[in-house]
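Colleague: Generate coordinates for the sequence data below:
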Amino acid sequence: MKLLLFYRATVVMAAAGAYAAENGPVRLCVQYKGPVNNFVMARAQRVVNAVFSEAAIQIEWLPMRQCKAAPYNVLRIEMDAVAASGFGPQTMAYALPYRETGTTIHVFYDRVMQGHHDLHGELLGHVMAHEIGHVLQGIARHSPGGLMKAHWGPKDYWEMKKQWLSFAAEDVQLMHLRLQRLAAGSATAQSERE
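Modeller: From the prediction side, this is the model:
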């Protein structure tokens, strides 16, 4: 069983490496609907970069001033000052993984900042990475463990503080498969225009 898991992880990482070599970065743009601590945001972006780098996916952050005029393929993350109604008190964010354009991720900044005072940046980074993972997979699903787990517990928060949570091998595979399909569709559309 261990050998099979190792083999699967090796195949996934080889495919991930091939994707990273052939395709450009995933471009992100963050918009704010209220005050945001820039130090916390910088730490969060470092976590996102590290988590996706481990999954062989490069992240590029666009400046906020470019968000409104950003191309359709830029993932937009909105830092909402307060949580939208209809979400339970434990919900820190949500993604719209089937949406093609516009804001695809909403983070309830107030809820992220309410707890875990010793790791605001790390928690915000993990919340953003989790939701970006949903969008890149293109489906609404959770994994039994790791970054894409539905609910994090004390052990997960401890891991966030030590380093970061990682994507499970199947999460990496799903993200790369979808990114490859999107890249193929984009190349086909471009050749049809020429």
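Colleague: Return the helix or strand in this protein with minimum mean pLDDT.
Modeller: Ranked by mean pLDDT, DSSP states H and E, the weakest helix or strand in the chain is helix 2-22, scoring a mean of 39.
Colleague: Just give me the residue right at the centre of this protein.
Modeller: residue 132 (2.4 Å; C-alpha atoms, centre = their mean).
Colleague: what is the rounded mean pLDDT of stretch 84-100?
Modeller: Averaging pLDDT along stretch 84-100 yields 88.
Colleague: How about residues contacting it?
Modeller: Stretch 84-100 has contacts (C-beta atoms under 8 Å, 6 or more residues apart in numbering) with 72, 83, 103-108, 111-112, 127-128, 130-132, 134-135, 137-140, 151. Just so you know, the C-beta spots here come from the backbone N, C-alpha and C atoms, and that holds for glycine as well.
Colleague: for that stretch, which positions count as buried?
Modeller: For stretch 84-100, the neighbour count (16 or more other C-beta atoms under 10 Å) marks 92-95, 97 as buried.
Colleague: so of those, which ones are in strands?
Modeller: Judged by DSSP state E, strands contain the following of the buried residues of stretch 84-100: 93-95.
Colleague: Sketch out the low-pLDDT regions of the chain for me.
Modeller: 1-23, 186-194 (pLDDT under 70).
Colleague: wait, what's in contact with the residue nearest to the centre of the chain?
Modeller: Per C-beta under 8 Å, 6+ apart, neighbours of residue 132: 26, 28, 48, 52, 75, 77, 95, 105.
Colleague: For the third one, what is the enclosing helix or strand?
Modeller: Residue 48 belongs to helix 38-54 when elements are defined using DSSP states H and E.
Colleague: Off-centre distance for whichever helix or strand comes after that helix?
Modeller: Note on helix 38-54: by DSSP H and E, the next helix or strand toward the C-terminus is strand 59-62. Computed by C-alpha atoms, centre = their mean, to the nearest Å, the chain-centroid distance of strand 59-62 equals 12 Å.
Colleague: Tell me the strands beside strand 59-62, with direction?
Modeller: strand 26-32 (parallel) (DSSP bridges).
Colleague: pretty sure residue 64 is touching residue 33, no?
Modeller: No: under the criterion of C-beta atoms under 8 Å, residue 64 makes no contact with residue 33, lying 11.7 Å away.
Colleague: Right, I'll call it a day here.
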